[in-house]
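**Q** Using only what follows, build the 3D model:
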Amino acid sequence: MNDDSQVQAGPEAGSQPLLLQAEHVQLYFPIKYGVLVDRTVGVVHAVDDVSLSLPEGQTLGIVGESGCGKSTLARCMVRLLEPTGGTMRFRGRDITHLGRRPLQPFRREVQLVFQDPSSSLNPRKRVGQIVGTPLQLQGVGRDAARARVRELLDRVGLNPEHVNRFPHEFSGGQRQRIGVARALAVNPKLIVLDEPVSALDVSVQAQVINLLDDLQDDLGLSYVFIAHDLSVVRHVSDQIAVMYLGKLMELSPSAELYRKPIHPYTQALLSAIPIPDPQENRARERQVIAGEPPNPISPPSGCRFHTRCPWATKVCSEVEPPLAEYPGGHLAACHHPRNVSPAEISAAARSPLSPLSSGQLMPGGEQASASGPEESSESQVTARTGGAVDAPDEEP
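**A** Below is the predicted model of the structure:
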């Protein structure tokens, strides 16, 4: 792995080898218009300059509202979609623009589990065929494949005798277990889970999450776990990334994020988690985000959350905030961070994961000093506000 190409996910990510890296990844979907000749009249900013990395054996959770780009980013990670810009690396190798044949070794090590277990399984095939097809594509013999299918079904908590049943004969949780068994068939190192429990009952969610946890311990798997429910991600993730309108808002170790959310958007997501105690749930002060997410075709300037943020000021609409590094490996892109002391704000440094389009203006109002090659890049956009940050309005 080339050291000069590594982008760490935070100060604590360097303790283990990096398995997957996303460096300033962009994915824009063109909007075509025309009768005889299609013309590109605009683009949808689905993923816009996102940098993340995943150490081996760990779980990276990605959360956010519907339409924030988390599932699109996942498809970039497994190369179902080719990024418009940026770089994707797997074990240090650039896989961003590899063709079908060079990607074959990568396909064996990365698998995807989809959100809807009903639509992701072929209703015309039996379970043995669904789980055994990846083995046949790898050249495994028929008898060995049958034995392996039964072994996989037993590992995910299903009866091996159910190999001749069709998907509609199983419950939702059982169908999701079949999807996990299919993903495990080729012995992958990374599994991308795209909201794998959102369509299941709460009790079944716990069973599937416990299954994934056991498989990770037994097989040494790495996960990218995508969800819109932070209460689910909390129990499975080592690091959590919060996305909004294609941008990375906050990145932190799991326990640190729940203990001290820094970005207002993260605060709002956490306040939406229901508390089992009815009295405590009614007594707490809930932060509600007003309005609708902006149009991804024409996203707002500066911080993309400023149109809905109760603490937004003029600088938020003019300068995109960089990702600032706070204690505990906590990164947040906000001009007016919450739950941090003035001393922590003044000591914050500009993270190398900051978008190339972000400014140099730090939350304390000072210009960030150049600390890496990204700060001297020609595509770097610097702040033009004179270095003074507007004082935030009083908290609502």
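
**Q** other SSEs contacting the helix or strand hosting residue 152?
**A** Assessed by DSSP states H and E, residue 152 sits inside helix 142-155. Packing partners of helix 142-155 (3 or more CB pairs under 8 Å, 6 or more residues apart in numbering; DSSP states H and E): helix 127-137, helix 172-184. The way it works is simple: take the backbone N, C-alpha and C, and place the C-beta from them, glycine included.

**Q** Just name the most buried of these.
**A** Highest mean neighbour count among the helices and strands packed on helix 142-155 (mean count of other CB atoms under 10 Å): helix 172-184, with a mean of 22.

**Q** by contact count, what packs against it?
**A** Looks like helix 172-184 contacts strand 110-113, helix 127-137, helix 142-155, helix 202-219 (3+ CB pairs under 8 Å, 6+ apart).

**Q** which residues touch the first one?
**A** Applying CB atoms under 8 Å, 6 or more residues apart in numbering, the external contacts of strand 110-113 come out as 74, 77-78, 80, 90, 120, 176, 179-180, 182-184, 186, 188-194, 196.

**Q** Show me which of those are buried.
**A** The neighbour-count criterion (16 or more other CB atoms under 10 Å) marks 74, 77-78, 90, 120, 176, 179-180, 182-184, 186, 188-194, 196 among those as buried.

**Q** just checking, which of those belong to strands?
**A** If you go by DSSP state E, the buried ones among the contacts of strand 110-113 have 90, 190-194 in strands.

**Q** Lowest-confidence entry in these?
**A** Minimum pLDDT across these is recorded for residue 194, with 91.

**Q** thinking it is in contact with residue 117, fair?
**A** No. Using CB atoms under 8 Å, residue 194 is not in contact with residue 117, being 11.5 Å away.

**Q** show me what contacts the most centrally placed residue in the chain?
**A** Central residue of the chain (CA atoms, centre = their mean): residue 62, 3.0 Å from the mean position. Shown in contact with residue 62 (CB under 8 Å, 6+ apart): 70, 73-74, 224-227, 240-241, 243.

**Q** cool, and residue 196?
**A** Applying CB under 8 Å, 6+ apart, the residues near residue 196 are 113-115, 176, 179-180, 208, 212, 225.

**Q** which one of those residues is nearest residue 366?
**A** Among the contacts of residue 196, residue 225 lies closest to residue 366 (CB to CB), at 36.1 Å.

**Q** helix/strand/coil for the closest one?
**A** strand (DSSP: H, G, I helix; E, B strand; the rest coil).

**Q** Next: residue 115.
**A** coil.

**Q** Now tabulate the helices and strands packed on helix 142-155 in JSON lines and tack on mean pLDDT.
**A** Listed next are the helices and strands packed on helix 142-155 as JSON lines, based on pLDDT from 0 to 100:
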{"stretch": "helix 127-137", "mean pLDDT": "91"}
{"stretch": "helix 172-184", "mean pLDDT": "92"}
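
**Q** of these, which approaches residue 48 most closely?
**A** helix 172-184 (28.8 Å).

**Q** Alpha carbons only: can I get the closest one in PDB?
**A** Extracted in PDB, the C-alpha atoms of helix 172-184 (Å, rounded to 0.1, in the frame of the first residue of the first chain):
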ATOM      1  CA  GLY A 172     -38.800 -11.500   6.100                       C
ATOM      2  CA  GLY A 173     -36.100 -12.200   8.600                       C
ATOM      3  CA  GLN A 174     -35.400 -15.700   7.100                       C
ATOM      4  CA  ARG A 175     -35.200 -14.200   3.600                       C
ATOM      5  CA  GLN A 176     -32.600 -11.700   4.900                       C
ATOM      6  CA  ARG A 177     -30.600 -14.600   6.400                       C
ATOM      7  CA  ILE A 178     -30.700 -16.200   2.900                       C
ATOM      8  CA  GLY A 179     -29.300 -13.000   1.500                       C
ATOM      9  CA  VAL A 180     -26.500 -13.100   4.100                       C
ATOM     10  CA  ALA A 181     -25.700 -16.700   3.300                       C
ATOM     11  CA  ARG A 182     -25.500 -15.800  -0.400                       C
ATOM     12  CA  ALA A 183     -23.000 -13.000   0.400                       C
ATOM     13  CA  LEU A 184     -20.900 -15.400   2.500                       C
END
